[in-house]
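1. structure, please.
(chains A and B)
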Amino acid sequence: MVKKKTTASAKALAKKAKTAGKERYILRLYVAGMTPKSSQAIMNITQVCKDHLKGRYNLRVIDIYQQPALAQGEQIIAVPTLIKKLPLPLRRFIGNMVDREKILVGLDLKPQKSK
Amino acid sequence: MALQKRKDHILSGLKKCPTGIKGLDEITEGGLPRGRPTLICGSAGCGKTLLAMEFVTRGITEFNEPGVFMAFEENAEELAVNVASLGMDVKELIRQKKLAIDYVHIERSEIEETGEYDLEGLFVRLGNMIDSIGAKRVVLDTIEALFAGLPNEAILRAELRRLFRWLKTKGVTAIITGEQGDKHLTRHGLEEYVSDCVIFLDHRLINQVATRRLRVIKYRGSKHGTNEYPALIDETGLLVLPISSLGLTYPVSAARVSTGIPRLDTMFGGKGYFRGTSVLVSGTAGSGKTSVVAAFADSICRKGEKCLYLSFEESPDQIIRNMGSIGFDLGKWVKKGLMKFRSVRPTMFGLETHLVSIHKLVEDFHPTGVVVDPVTNLSSIGDTDEVKVMMMRIVDFLKNKQVTSVFTSLTSGGSAFDQSEVGISSLMDTWILLRNIETDGERNRLLYILKSRGMAHSNQVREFILSDKGIALRDVYIGSGTVLTGSARMTQEAKDRSQELSGNQAAEHRQLELRQQHLAIDAQIAVLKAQSEGIHKEMKQLSANGHQKNKMIHQQKDDISRIRKAD
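-> Numbers count the residues shown, from 1 in each chain, chains lettered A, B, ... in the order given. Below is the predicted model of the structure:
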């Protein structure tokens, strides 16, 4: 049993290693109107994507004022919120995306700093 | 009158939003502050969510005010299931577009904070729902969940402040629920932001029995009941009892109600209890308390009125069977719907809950008589003071309703007879005392009226006899300095009867003698009368003969002189 598990996780790891740096990122940024916070967030995240995910990302900016139903469906409370839909796991980033380090770690583009 | 009305209108500054929850609107004098947020706080399981849900659903069904329910802990499906048992059809209301439920879910582990943010998302969702159904009422249950989900408390607090102000500008009446904290009313100090009206729900254990209570801690711009009021959650939802606010202003009636025992009626000036008064029947075990109250219950139903029988000791069937043995067929009244039994052990729930359920039963059943048998059992779930307060509330409530109430009270063997166990005697208008006395190897029941306010009543002790024909009251034997009951009384009565009989016989004998003497004298009188009559006759005869003689002598004289030719 234990052995089987090890092989399964080993396989998954191997797969991960193969696809690393190749997965497509699907990102959604929810903002509420064109506030300074919104524009900062858009600017910052676009920069991150350009720098690290060139050619393999899909970023959409959604204004919840325009589509309030989406806010409910996506459980948006704070804005701006960036949702990383793929690759899994799903992750949310709230704020104007100034903490580049945190975003990179959260997007699995940088290993977490050991303390 | 019109002027007064106008004045009231001008002065009524704060508009109220009725909750539709029984009792709560009375305590708050009309409901929650309209267009303002109200904080409902309390510990886990005290009924915050239920109160909030009722506020919204009743708003829709009773006042036609659509509502929004924003849940942070349960999703719409769970909420619907939870309140379905209380008769609220949430799904139907959603279908009618009168109710909108939004489940706000925050997964802390998914969230990374990367700079400044605000809660505009929440505002948008809430605003969207309010606008889509034209909501007048909003519930946020429990907004404190945000504190667990969002790391930056400073932003959160600022945003909450903004949220409550925004709700006010939206003109919606909002309920915000909050979990009770250690030092504050709520764990995260929500009362700081929501300060127009704060209602505190409590669910506490006393002697392992849970009791719900509700208190309005503050209500800006309005007066309100300040006490802790008992609350109950039953199949129709939350129920609050503003009972302790009852004043001593109940109406009184001079009408009388029969006690169900003819002889006892006689003792109460021939008519029985006053209608709408409280009666206490106290006595030791087995002295016949239940029988006295059953007689009362029976007589109420006999008149076609309704009677509520609250039993804390026996099941309805047992009471019906037992009372059948002394000639009261209570089962018949139950079938006719004139009598209702409620049998529960006092330990089933707390005093307050008992109070609330009695309150509700009386409101629903509209009895003219209520029997509580026995009140002393309540002392097992509260101390004397608490029971007394509860009794006071019950008595005041029933008096206000013009319901005649009869309570039985068990006096334990050792204690004084004229001291009721639960210290309620002063609350009672009429007090009937039952006693068991043991003499000559038998026990007998005695009954007397200790007090009866406002009416002439007998001061006599009566013997109280239970038989299959019902209840009978007999005079006790009082004579030559002793009071006798039971067989002693009967023996004495028999003795008296025989004495009386022999006395009678002697008198008759004497009478006969006298009559004979009388007759003898009469006979003598007759004889003497006859004698006197004889004498009288003789006397007459004698005088008549004398006359004749004289006449003849004169004739002779005349004849002689004629012969002698005397000149």
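2. how about chain B: which residue is closest to chain A?
-> Using Cβ to the nearest Cβ, the point where chain B gets nearest to chain A is B:Gly115, with a distance of 3.3 Å. Heads up, the C-betas are built off the backbone N, CA and C, glycines and all.
3. now name the helix or strand holding that residue.
-> Element membership for B:Gly115, per DSSP states H and E: none, as it lies in no helix or strand.
4. and for the residue nearest to it when sequence neighbours are not counted, the neighbour number?
-> Spatial nearest neighbour of B:Gly115, chain neighbours left out: A:Gly95 (3.3 Å); criterion: Cβ to Cβ, 6 or more residues apart in numbering or on different chains. Using other Cβ atoms under 10 Å in any protein chain shown as the criterion, A:Gly95 is surrounded by 27 other residues.
5. what ranges does the stretch 201-350 of chain B have for its helices?
-> For the stretch 201-350 of chain B, the helices defined by DSSP state H, counting those that start in this stretch occupy B:262-267, B:289-302, B:316-324, B:330-336.
6. out of these, flag the one nearest B:Ala507.
-> Between B:Ala507 and the helices of the stretch 201-350 of chain B, the shortest gap by Cβ to Cβ is with helix B:262-267, which sits at 33.1 Å.
7. which residues sit against the closest one?
-> Under the contact criterion Cβ atoms under 8 Å, 6 or more residues apart in numbering or on different chains, helix B:262-267 has outside partners B:258-259, B:271-272, B:292, B:432, B:447, B:449, B:457-458, B:460, B:462, B:472-473.
8. hmm, back to that, didn't the residue nearest to B:Gly115 look like it was pressed against B:Tyr117?
-> Yes: with contact taken as Cβ atoms under 8 Å, A:Gly95 and B:Tyr117 are classed as touching, separated by 4.6 Å.
9. what is in contact with those two at once?
-> With Cβ under 8 Å, 6+ apart as the test, A:Gly95 and B:Tyr117 both reach A:78, A:80.
10. quick revisit: got TSV for the helices of the stretch 201-350 of chain B, with mean neighbour count and mean pLDDT too?
-> Putting these into TSV (neighbours: other Cβ atoms under 10 Å in any protein chain shown; pLDDT from 0 to 100) gives the following:
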stretch	mean neighbour count	mean pLDDT
helix B:262-267	19	87
helix B:289-302	24	89
helix B:316-324	17	90
helix B:330-336	16	89
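11. now those helices in a markdown table, with distance to B:Thr347?
-> Shown next, in a markdown table, are these (distance: least, Cβ to Cβ, whole Å):
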| stretch | distance to B:Thr347 |
| --- | --- |
| helix B:262-267 | 33 |
| helix B:289-302 | 20 |
| helix B:316-324 | 18 |
| helix B:330-336 | 25 |
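12. in chain A, which residue sits closest to chain B?
-> Distances between chain A and chain B by Cβ to the nearest Cβ are smallest at A:Gly95, namely 3.3 Å.
13. low-confidence regions, the stretch 151-300 of chain B specifically.
-> Counting by pLDDT under 70, the stretch 151-300 of chain B contains low-confidence ranges at B:207, B:243-248.
14. again, but for chain A
-> In the predicted model, chain A carries pLDDT under 70 at residues A:1-6, A:16-21, A:112-115.
15. name the SS class of B:His547, please.
-> When classified by DSSP: H, G, I helix; E, B strand; the rest coil, B:His547 comes out as helix.
16. neighbours of it, how many?
-> If we define neighbours as other Cβ under 10 Å, then B:His547 has 9 of them.
17. which residues does B:Leu24 contact?
-> Per Cβ under 8 Å, 6+ apart, neighbours of B:Leu24: B:31, B:51, B:214, B:238, B:240.
18. in strands only, show me those residues.
-> B:214, B:238, B:240 (DSSP state E).
19. which parts of chain A sit against chain B?
-> Within chain A, the positions lying close to chain B (Cβ under 8 Å from any Cβ of the partner chain) are A:30, A:32-33, A:37, A:40-41, A:64-65, A:68-69, A:71-72, A:75-82, A:89-99, A:102-103, A:106.
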